[in-house]
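# I would like the atomic coordinates for the input below:
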Amino acid sequence: MSARKSERLLNVVICLLVARTYVTKERIREVVEGYAGQTDDAFEKMFERDKDELRDLGIPIEMGTIDKFFSDEVGYRIRRDVFELPEVHLEPDEAAVLGVAARVWQHAGLSEATTSAVLKLKAAGIQTDQSALSAIEPHVGASEPAFDPLWSAVVARQAVRFQHVRSGASEPTNRTLEPWGIVSWHGRWYVVGRDRDRQATRMFRMSRIGGDVRTIGEPAAFTVPVGTDLRSLVTELAPPRPTSEAKVRARTGSCVSLRRRANAIEPYEDGWDLLHVPYADSSVLAEEIASYGPDAVVEGPGDVLDGVLWRLRTVAG
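Sure thing, here's the model as predicted:
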């Protein structure tokens, strides 16, 4: 997917996520970079394709009336409470979004267009909630090479084959998957779908996928089962309930996902807080903490600290 299309899809998500009311198609056309300059017919086709693609990735775009007294004026929105995951085993999960938004926002060049979209909504008199942007908070983690081919396969409904290293294993295994969607969970990317080898629904972390992701068969080779709710699947496939707790220093205003899950937050020193973060898998927590770079420092326990240091050294080369 081109950077221009990624930017346009991102701004559709931003526009519909921060608006407190339904946004008309005409207003979306004015606000979102990439729609301007298109003929009416070209815009209609482009917008419909963009909506379908975002919905295919699991982003819940709703349609409703702008004014309850005038049902013929319709608009679109993304409800934040639906966009985010509900609690997973009583743990408030951070922004398990589907699709493109958090990934493409990691590219600094898109920040200007994002700000422009929000400002245009305000200028049009549409109330916005910019705190909703925390639902797609970017991280500094390394890009996942598997993301782009898996994303393309999700959109094309084409099966893929790749090598995956299971947690605790040393050797990869070949997996064949019908990818239904892409999920961000605890700041890491996962692909969810039907595992042909196991004949069951599975979720694979992209950072554990090695080598090339190869498409097999033809596009449109499968359909996602009717009624499939990827957010519910993530809840079912998520790791077990946390049994340990780590102490993590976090800069004020950063590490939103860690803060939301923290059992307690204590003032530490100027510009820092001490978070008591529950976890079940030290390697998963270490990977998430490392993605925040200098904004998060582990105080303990040692296995989490060792995991963070190892990942930072690996990224540093």
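# output the below-cut-off pLDDT ranges for the stretch 201-317 of the chain.
231, 234-235, 238-240, 316-317 (pLDDT under 70).
# okay, helices next: where are they in it?
Secondary structure of the stretch 201-317 of the chain (DSSP state H, counting those that start in this stretch): helices at 230-237, 256-261, 282-291, 302-316.
# most packed of these?
Burial of the helices of the stretch 201-317 of the chain is given as mean neighbour count (mean count of other CB atoms under 10 Å); helix 282-291 ranks first at a mean of 22. Heads up, the C-betas are built off the backbone N, CA and C, glycines and all.
# now for that helix, which elements pack on it?
Counting contacts by 3 or more CB pairs under 8 Å, 6 or more residues apart in numbering; DSSP states H and E, helix 282-291 is packed against strand 188-195, strand 244-251, helix 256-261, strand 296-300, helix 302-316.
# if we use 6 Å, what do you get?
Contacts defined by 3 or more CB pairs under 6 Å, 6 or more residues apart in numbering; DSSP states H and E place helix 282-291 against helix 302-316.
# the helix it packs on vs strand 244-251, what angle?
50 degrees (axes from the mean of the first three to the mean of the last three CA atoms, to 10 degrees).
# so what touches the lengthiest strand in the chain?
Ranked by number of residues, the top strand in the chain under DSSP state E is strand 173-185. Contacts to strand 173-185, defined as CB atoms under 6 Å, 6 or more residues apart in numbering, come from residues 57-58, 96-98, 102, 150-151, 153-154, 159-161, 163-164, 190-197, 222, 224, 230, 234.
# repeat for stretch 241-249
89, 268, 272, 274-280, 296-300, 304.
# and the residues you listed, which is closest to residue 32?
Nearest to residue 32 out of these is residue 296 (CB to CB; 33.4 Å).
# just list whatever residues bridge to that closest one.
Taking DSSP bridges as the rule, residue 296 bridges to residue 250.
# start the count at 53, not 1, going forward
Right, with 53 as the first residue, what we last looked at is residue 348.
# run a quick neighbour tally on it.
20 (other CB atoms under 10 Å).
# wait, it sits on residue 307?
Yes. Between residue 348 and residue 307 there is a contact at 5.3 Å, judged by CB atoms under 6 Å.
# ok, back up a step: now the helices of the stretch 253-369 of the chain in CSV, with distance to residue 67?
Output for the helices of the stretch 253-369 of the chain, formatted as CSV (distance: least, CB to CB, whole Å):
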stretch, distance to residue 67
helix 282-289, 22
helix 308-313, 21
helix 334-343, 26
helix 354-368, 33
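# out of those, flag the one nearest residue 116.
helix 282-289 (20.4 Å).
# buried among the contacts of stretch 293-301? Need that as a selection in ChimeraX.
This is the ChimeraX syntax for the buried subset of the contacts of stretch 293-301, where burial follows 16 or more other CB atoms under 10 Å:
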select :320,324,326,327,328,329,331,348,349,350,356
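# check the contacts of stretch 293-301 and tell me the two furthest apart.
Across the contacts of stretch 293-301, the longest distance by CB to CB is 28.9 Å; it joins 141 and 324.
# circling back to that earlier point, the helices of the stretch 253-369 of the chain: which one's closest to residue 72?
helix 308-313 (20.5 Å).
# restricting to C-alpha, output that closest one in PDB.
In PDB, the C-alpha atoms belonging to helix 308-313 read as follows (Å, rounded to 0.1, in the frame of the first residue of the first chain):
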ATOM      1  CA  VAL A 308      -0.500   5.100  28.300                       C
ATOM      2  CA  SER A 309      -1.100   1.400  28.000                       C
ATOM      3  CA  LEU A 310       1.100   0.600  31.000                       C
ATOM      4  CA  ARG A 311      -0.700   3.300  33.100                       C
ATOM      5  CA  ARG A 312      -4.100   1.900  32.200                       C
ATOM      6  CA  ARG A 313      -3.200  -1.600  33.400                       C
END
